[in-house]
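S.K.: I'd like to go over a predicted model; first the sequence, then the structure.
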Amino acid sequence: LTRQLSLLSPALALAPAHAGCDPADRARDDGGGDSGGDSRGDGDADADGDGDGDALPPRECELPEVECAEGEHPLYGLCVAGSERVTVAAGTFDMGAPSGDEFPAHTVNISEFVLDATEVTNEHFQACVDAGCCDPPTYDGSYSGRQPYFGNGDFARYPVVFVTWQHARDFCGGQGGRLATEAEWAYAARGSDGRYYPWGSEDPNDSRAHYDEARDGDTAEVARHSEGNSPFGAEDMAGNVWEWVADWYSASYYNESPADDPQGPDSGAARVARGGSFGSAATEILSFYRASFHPQESFSNTGFRCAW
């Protein structure tokens with residue numbers, strides 16, 4: 001496993017590449033980034049065996065009152081256009097791949113749900129922090145050293161980074177949402193026709209995805225690669241930042257996954273992340289590719305989106 005992490009600054013901490021090694025080893029070997037978590041809890045593996053990883057439920061907070069126009073959604077005092085969410089129609093697809101960590105391919109049925117059209121932005125996460133519903137990111141910077149990054153108007157429409165799994169759960173839960181399951185995320189990215197990438201099976205390029213810039217790249221503004229949209233209209237599901245999903249990681253789960261709306265293993269040492277990032281190779285932004293990180297870790301190339 002190549003972790004691609006810097007010992008000099010947390011701003012240079014990239015999440016590790018593929019989840020091909022033992023997730024327990026990854027959970028033990030921080031190696032870089034920021035493993036400090038947030039002030040609410042550690043999100044560690046399931047100490048009491050109840051399947052929730054001892055993660056705290058989304059905190060209770062008083063949401064700011066706001067009147068939004070028809071077709072808009074309130075979000076921590078902001079009004080968000082309806083177009084910033086997409087409906088993922090119910091369907092059936094083949095999840096996984098013929099080999100590797102994604103083996104075996106298996107048929108999964110997914111119920112209809114709603115998904116953020118883009119990764120959660122700095123602007124939206126700042127609103128959650130201002131409302132007292134979220135802790136700030138663990139580090140205010142980005143991979144190339146842009147500081148400040150979070151809370152900086154120049155990067156308002158860029159994906160929030162340096163967020164732990166608990167950060168993501170707090171944000172989504174505080175507005176009545178949740179993290180998508182791994183199966184939901186994969187279906188929203190891949191559709192029912194077995195495509196390799198969200199846009200199809202053609203090779204990625206700069207018009208379809210923000211990727212393959214491990215040396216001198218950084219996050220990009222969301223919704224700038226519409227040629228790479230998924231079958232349901234979700235954007236940036238390949239590249240830009242890895243995205244936390246709800247599931248615990250298990251290398252064997254695909255062998256035992258139920259056919260209908262799988263929820264992932266009951267417990268584990270690491271949480272699944274999907275989609276790859278600006279530093280990922282083309283093989284790491286495939287729609288079936290999976291990675292896993294300790295839920296308390298945060299990186300300069302890892303964010304999330306919410307589901308309902």
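M.R.: Done, it's in.

S.K.: ok, the nearest residue to residue 149 once chain neighbours are set aside - contacts?
M.R.: Using CB to CB, 6 or more residues apart in numbering and skipping the chain neighbours, the partner closest in space to residue 149 is residue 142 (4.4 Å). From N, CA and C alone the C-beta is placed, and that goes for glycine too. By CB atoms under 8 Å, 6 or more residues apart in numbering, residue 142 lies in contact with 11, 149, 155, 161, 218, 219, 300.

S.K.: could you redo the last one with a cut-off of 7 Å?
M.R.: 11, 149, 161, 218, 219, 300 (CB atoms under 7 Å, 6 or more residues apart in numbering).

S.K.: what separates it from residue 103, distance-wise?
M.R.: Going from residue 142 to residue 103 by CB to CB, to the nearest Å gives 35 Å.

S.K.: picking up where we left off before, could the contacts of residue 142 go into CSV alongside secondary structure?
M.R.: Formatted as CSV, these follow (DSSP: H, G, I helix; E, B strand; the rest coil):
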residue, secondary structure
11, helix
149, coil
161, coil
218, coil
219, coil
300, coil
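
S.K.: any weak-confidence spans in the protein?
M.R.: Under the criterion pLDDT under 70, the flagged ranges of the chain are 1-59, 214.

S.K.: now the helices for it?
M.R.: Secondary structure of the chain (DSSP state H): helices at 23-28, 122-130, 165-174, 182-190, 253-256.

S.K.: and the longest one, what does it pack onto?
M.R.: The elements that helix 165-174 packs onto, with contact taken as 3 or more CB pairs under 7 Å, 6 or more residues apart in numbering; DSSP states H and E, are helix 122-130, strand 178-179.

S.K.: pull the most distant pair out of the contacts of residue 142.
M.R.: Taking CB to CB as the measure, those span a maximum distance of 11.6 Å, between 11 and 219.

S.K.: higher neighbour count, these two?
M.R.: Legend: neighbour count by other CB atoms under 10 Å for residue 11 and residue 219, higher for residue 219 (26 against 20).

S.K.: out of the helices of the chain, which comes closest to residue 108?
M.R.: From the helices of the chain, taking CB to CB, the stretch that ends up closest is helix 182-190, at 5.2 Å.

S.K.: any idea which residue sits dead centre in the protein?
M.R.: Centroid check for the chain by CA atoms, centre = their mean gives residue 243 as the closest residue, at 1.5 Å.

S.K.: quick one: contacts for it?
M.R.: 119, 273, 274, 275, 303, 304, 305.

S.K.: again, only this time at 10 Å
M.R.: 116, 119-120, 159, 168, 179-180, 185, 189, 236-237, 272-277, 291, 302-305 (CB atoms under 10 Å, 6 or more residues apart in numbering).
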